[in-house]
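A.B. asks: sharing a model that was predicted from the sequence below.
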Amino acid sequence: MNPIRRKRFWISLGLTALMMLALRVPLAYADPLTLREAIERALRFAPSIANAAASTDLSDAQMRELRAAMYPAVNASGEYTQSPGYDEVITNRGMTRAQIELNYTAFDFGRRMSKVRAARYALEAARYGIAASRAQIIFDTTVAYLDLMRAKHAVLETQANVDRLGRYVDTIDRLRRTGRAIENDALKVRTTRDAAEIALSDASNDRQRAAEVLGSMIGDFASRDFEITDLVELPKPPAADLAQSPAMRAAIRQIQSSKMEVQAAQEERYPTFQVALTAGALGVDPANTFGDHYGASYDGILSVPIFDGGLITSHIDQAMAKKLQAIAQARAIEYDLRRRIDAALLHYQRALGELSILTRALPNAQDAFALTWTRFLGGGTATLLEVLDAYEQAENLRISRIQQDFEARQSAAEVAMLYGVNQ
């Protein structure tokens, strides 16, 4: 092989190896996922938004269907029939017809308008259903993101704990070799490190589970971990009017819709006046009909319900029952929202108080451990059991601070979801 071909061969081989390596390397160097990006991906992926949008489209179509009754209906019709053998006095032997027909309900005491208004309120309620679905998705995604952030910090802390205990094990082993510590002390500190390694394994599994939950919400089922951006500032629960939440707005619109349905049912008792107009050709045989028999007609019908066997009364009773159901449902929604908001605010205040205590107590616990460890190393009266107890107290405070930070953020996100301010 000449030098030029050999050079080309090695260049091609190198490029092929780089391409294969690039295909095998996972997307580990992608930008960290932010909370805003996770929410946007979840809103695009979640099927509940599409379901709520379909319900809104259905309500809009139903409103337009009822609104069409406010306008005249114009139809074109044609008919040709022959009746041989029958009495021509009755059948006129046959009929040829080609007409344009207009039918219009001129007056019905507002019944049609009441139905249109009821459908319009139902449409508004469906639109608020979309807002409620968005708020729920934002909350679920936020909680999953915060849970992954909590699990990430827990892994970092437990890993640091294992590393610290590893150094303490080395120190105790050196003290044991010099006669300043006994074998029992070495076994105690090794047992503590083993327990820390088990906790690290649990924390890693918890982080993987949290990543899988977040991935399922944003439509990424292949990844088992995410690099996320930490949230630094602790949010405050929003203060808003409960009546402005999507759930309460939808419930109020349902009440208004049911009231219009009651009004429409009551208006069935009133007279209805209809007008019909026709224009075209009407005769017996097609040739004569389209040659000579063109004309028009008009008709007015006034109908007054006298007896219907209780049909109208049943419609009114059904509408009244739906109205009572809507009112009861609105009260239940308001009660549930107030209860959940009060519980979330209480949970937030409790987590905030514990965070304040932990922030103040952690330095004390660290100082207590450092003092006990110094006494142990200096040959004082402190035992290794006291050292490990002080160390575990400080470590528990670190883990508790991570958990309480998550609890406070979750409570603030829940209040925002219930008020509907995170849309």
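C.D. replies: Here it is on my side, so go on. Computed from a predicted model, the values in this text were never measured in an experiment.
A.B. asks: mind checking the SS state of M95?
C.D. replies: Three-state call for M95 (DSSP: H, G, I helix; E, B strand; the rest coil): strand.
A.B. asks: cool, L282 as well?
C.D. replies: strand.
A.B. asks: surely it meets G295?
C.D. replies: Yes - in this structure L282 lies within contact range of G295 using CB atoms under 8 Å: 6.7 Å. C-betas here are computed from N, CA, C, even on glycine.
A.B. asks: can you list the low-confidence ranges for this protein?
C.D. replies: 1-30, 423 (pLDDT under 70).
A.B. asks: this protein: helices as residue ranges?
C.D. replies: 3-24, 35-45, 47-68, 88-91, 111-177, 183-218, 246-266, 286-292, 311-377, 384-419 (DSSP state H).
A.B. asks: now render these as a markdown table, adding distance to A239 and mean neighbour count.
C.D. replies: Output for the helices of the chain, formatted as a markdown table (distance: least, CB to CB, whole Å; neighbours: other CB atoms under 10 Å):
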| stretch | distance to A239 | mean neighbour count |
| --- | --- | --- |
| helix 3-24 | 52 | 10 |
| helix 35-45 | 22 | 17 |
| helix 47-68 | 27 | 15 |
| helix 88-91 | 80 | 10 |
| helix 111-177 | 16 | 19 |
| helix 183-218 | 28 | 17 |
| helix 246-266 | 16 | 21 |
| helix 286-292 | 77 | 13 |
| helix 311-377 | 10 | 15 |
| helix 384-419 | 8 | 20 |
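A.B. asks: show me which of L282 and G295 is the more surrounded one.
C.D. replies: Neighbour count, other CB atoms under 10 Å: between L282 and G295, L282 has more, with 17 against 11.
A.B. asks: not counting its neighbours along the chain, what's nearest the most centrally placed residue in the chain?
C.D. replies: Centroid-nearest residue in the chain: I137, 2.6 Å away (criterion: CA atoms, centre = their mean). Leaving aside its sequence neighbours, I137 sits nearest to A46 (CB to CB, 6 or more residues apart in numbering; 4.8 Å).
A.B. asks: from memory that neighbour sits against F139, does it?
C.D. replies: No - checked against CB under 8 Å, the pair A46 and F139 is beyond contact range at 11.8 Å.
A.B. asks: distance of the residue nearest to the centre of the chain relative to G129?
C.D. replies: 13 Å (CB to CB, to the nearest Å).
A.B. asks: try I341
C.D. replies: Counting by CB to CB - I341 and G129 are separated by 20 Å.
A.B. asks: the spatially closest residue to R193 that is not a sequence neighbour and Q244, how far apart?
C.D. replies: Distance criterion CB to CB, 6+ apart; nearest residue to R193, sequence neighbours excluded, is L165 at 4.0 Å. L165 sits 52 Å away from Q244, going by CB to CB.
A.B. asks: how about Q263?
C.D. replies: For Q263, the distance to Q244 (CB to CB) stands at 27 Å.
A.B. asks: list the contacts for N364?
C.D. replies: By CB atoms under 8 Å, 6 or more residues apart in numbering, N364 lies in contact with nothing.
A.B. asks: make 655 the first number, not 1, from now on.
C.D. replies: Got it, the first residue is 655 from now on, which makes the last one we talked about N1018.
A.B. asks: list the contacts for Y775?
C.D. replies: Applying CB under 8 Å, 6+ apart, the residues near Y775 are R907, Q908, Q910, S911, M914.
A.B. asks: doesn't R765 make contact with the last one?
C.D. replies: If I follow you right, that is M914. No - applying CB under 8 Å, one finds M914 not in contact with R765, separated by 10.6 Å.
A.B. asks: got the contact list for V816?
C.D. replies: For V816, the contacting residues are R847, A850, E851, L854, by CB under 8 Å, 6+ apart.
A.B. asks: the closest residue to the last one other than its chain neighbours and L819: what is the separation?
C.D. replies: Distances taken as CB to CB, 6+ apart place T812 nearest to L854, at 4.3 Å, with adjacent residues excluded. In this structure, T812 and L819 are separated by 10 Å, where distance is defined by CB to CB.
A.B. asks: now swap in A950 and tell me
C.D. replies: From A950 over to L819 (counting by CB to CB), the distance is 101 Å.
A.B. asks: what of T1013?
C.D. replies: In terms of CB to CB, T1013 sits 24 Å off from L819.
A.B. asks: for A1044, same thing?
C.D. replies: For A1044 relative to L819 (CB to CB), the value is 13 Å.
A.B. asks: same check, this time on T1035
C.D. replies: Per CB to CB, T1035 is found 23 Å from L819.
A.B. asks: cool, G954 as well?
C.D. replies: Distance from G954 to L819, by CB to CB: 97 Å.
A.B. asks: try W1027
C.D. replies: With CB to CB as the criterion, W1027 and L819 are 12 Å apart.
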